[in-house]
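Enquirer: predicted model and sequence follow; I will ask about them next.
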Amino acid sequence: MKVIVIGGGWSGCAAAITAKKAGAKVILYEKTDMLIGLGNVGGIMRNNGRYTAAEELINFGAGDLINITDSNTRHRNIEFPGHGHAWLYDVNKIEPDVRKHLTSLGIELNFMTRVVDVEKNENKIIGIYLSDGTYVKGDVFIEATGSTGPMGNCLRYGNGCSMCVLRCPAFGPRVSISARAGAEDLQGEREEDVYGAFSGSCKLCKESIGEELLKEIEEKGSVVLKVPPEDINIDKLKLKVCQQYALREFAENIILLDTGHIKLMTPFYPLDKLRKIKGLEKAKYIDPYAGGKANSIRYLSVAQRTDDMRVKGLDNLFCAGEKSGLFVGHTEAMCTGSLAGHNAVRYHLGMSLLTLPKATAIGDIISYANSQMETKEGRRKRYTFAGAEYFKRMKEVGLYSIDDAEIAKRIEKLNLKDIMNQKLI
């Protein structure tokens, strides 16, 4: 069987891995020249409830990408506002390792190849069209196209194209495969009839940071600096996609992390104001290049799905990552992608699809986010293991743990040990 994965971000990579492990031929199409998408500018792992989810993935037999981020970690168990025991991987070294792993598994990777349309037969997709007119047939399809772009959306719902790592002007706009196939997508809101949300951070060039400040950041992993009183903007917090960062501390302080570059935990910050802060007098943005004014707008295209990651109304289209819900984070993308890839093979074989039980953190967030998406209020929230509403829920229902043995025992008790590491074909 042939599984076609559309989109090579974290979720697309995770889906390709589990589909390949299950025995499928896997072909991945990525419109840019790099894998892992926003993973090239992210860097935060294992913070708060993401630790639990990471260990669950490992015990499901789908921990490949967790192991790669772990091996590229610069700092372990650091603390900063709203975040406990965070691990920071090196964004400048991670992508080649992911690419090497997928290639070693025999996954076919196609870069600078944009999928623009589909061919259907009743409720099934039978093939895809590439931007150069090429037609490719497949058995099962996984959409992991994300929810950011094209440029017009960043202008309409944000402050313009921010020239971010997704590089829409160079590689072309995102196309919603579910919409092309006739399914109706949903849009996340940040307030009444205002759609999308700003990406939550920017990258600063290390060489532009003052020597003493840079040394402190590299030693500690994170540094908190006071914002001048006249520059504090509490209202900006509601713009952020990552609600675990919508704390007063993120308005009153500049929070910097060492992820290879220097990660600035704010959607954007005027350069002239940033340079007023000691150690940042020569600061320079490197992603997005418009970080003084804007950032990318996300959550503008979400497929309606069931808890097994299948798109409603389409028999053989699965979805993952931000395309599958208002999820925030690399770990969340890996979780949804892993389930989508595994179930793509189950579907083709006529097996019952796997729905992860709510006794697991991954199963619970997939189900909970899905139910919340059905309400207007729910579409204004974001769902992440790292904070906000869902992390609170994790703790209330007893799913949060940083005890590896306890998590392993939980998965084994549910008979799900290595479930996604089994060859089905």
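Expert: That came through, no problem.
Enquirer: pretty sure E191 sits against R380.
Expert: Yes: in this structure, E191 is within contact of R380 by CB atoms under 8 Å, at 7.0 Å. For glycine as for every other residue, the C-beta is placed from the backbone atoms N, C-alpha and C.
Enquirer: comparing the two, which residue is more hemmed in?
Expert: R380 (18 against 10; other CB atoms under 10 Å).
Enquirer: got the contact list for that one?
Expert: Shown in contact with R380 (CB atoms under 8 Å, 6 or more residues apart in numbering): 188-191.
Enquirer: quick check, R190 in a helix?
Expert: No: remark: R190 does not belong to a helix; assigned using DSSP: H, G, I helix; E, B strand; the rest coil, it is strand.
Enquirer: please name the bridge partners of the nearest residue to it once chain neighbours are set aside.
Expert: Once flanking residues are discounted, R190 sits nearest to A197: 4.8 Å by CB to CB, 6 or more residues apart in numbering. When bridges are called by DSSP bridges, A197 pairs up with R298.
Enquirer: A197 - how many residues pack around it?
Expert: 30.
Enquirer: state the distance from it to I297.
Expert: Noted for A197: a distance of 7 Å to I297, by CB to CB, to the nearest Å.
Enquirer: likewise for K282?
Expert: Look at K282 and I297: by CB to CB, they are 29 Å apart.
Enquirer: more crowded one of the two?
Expert: Remark: of K282 and I297, I297 carries more neighbours, 30 against 11, as counted by other CB under 10 Å.
Enquirer: check contacts around that one.
Expert: Applying CB under 8 Å, 6+ apart, we find I297 in contact with 148, 153-154, 157-158, 196-199.
Enquirer: likewise for M420?
Expert: So M420 contacts 18, 21-22, 60-62, 338-339, 341-342 (CB under 8 Å, 6+ apart).
Enquirer: rerun at 7 Å
Expert: With contact taken as CB atoms under 7 Å, 6 or more residues apart in numbering, M420 is in contact with 18, 21, 60-62, 338, 342.
Enquirer: end to end, how far does stretch 297-311 reach?
Expert: For stretch 297-311, the first-to-last residue distance is 23 Å (CA to CA, to the nearest Å).
Enquirer: for it, list every residue counted as buried.
Expert: Buried positions in stretch 297-311, judged by neighbour count with 16 or more other CB atoms under 10 Å: 297-305, 307-311.
Enquirer: CA atoms only for the worst-scoring helix or strand of the chain on mean pLDDT, dumped as PDB, please.
Expert: Least confident helix or strand of the chain, by mean pLDDT, DSSP states H and E, is helix 249-252 with a mean of 77. Extracted as PDB, the C-alpha positions of helix 249-252 are listed here (Å, rounded to 0.1, in the frame of the first residue of the first chain):
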ATOM      1  CA  GLU A 249       5.300  37.900  33.600                       C
ATOM      2  CA  PHE A 250       5.600  37.800  29.800                       C
ATOM      3  CA  ALA A 251       4.400  41.400  29.500                       C
ATOM      4  CA  GLU A 252       6.500  42.800  32.300                       C
END
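Enquirer: list the buried residues of the lengthiest helix in the chain.
Expert: As assigned by DSSP state H, the longest helix anywhere in the chain is helix 330-349. Of all the residues in helix 330-349, those buried under the rule 16+ other CB under 10 Å are 330-348.
Enquirer: save the buried residues of stretch 297-311 as a markdown table, and put in pLDDT and secondary structure too.
Expert: Output for those, formatted as a markdown table (pLDDT from 0 to 100; DSSP: H, G, I helix; E, B strand; the rest coil):
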| residue | pLDDT | secondary structure |
| --- | --- | --- |
| I297 | 95 | strand |
| R298 | 94 | strand |
| Y299 | 93 | coil |
| L300 | 92 | coil |
| S301 | 92 | coil |
| V302 | 95 | strand |
| A303 | 97 | coil |
| Q304 | 97 | coil |
| R305 | 98 | strand |
| D307 | 98 | coil |
| D308 | 98 | coil |
| M309 | 98 | coil |
| R310 | 98 | strand |
| V311 | 98 | strand |
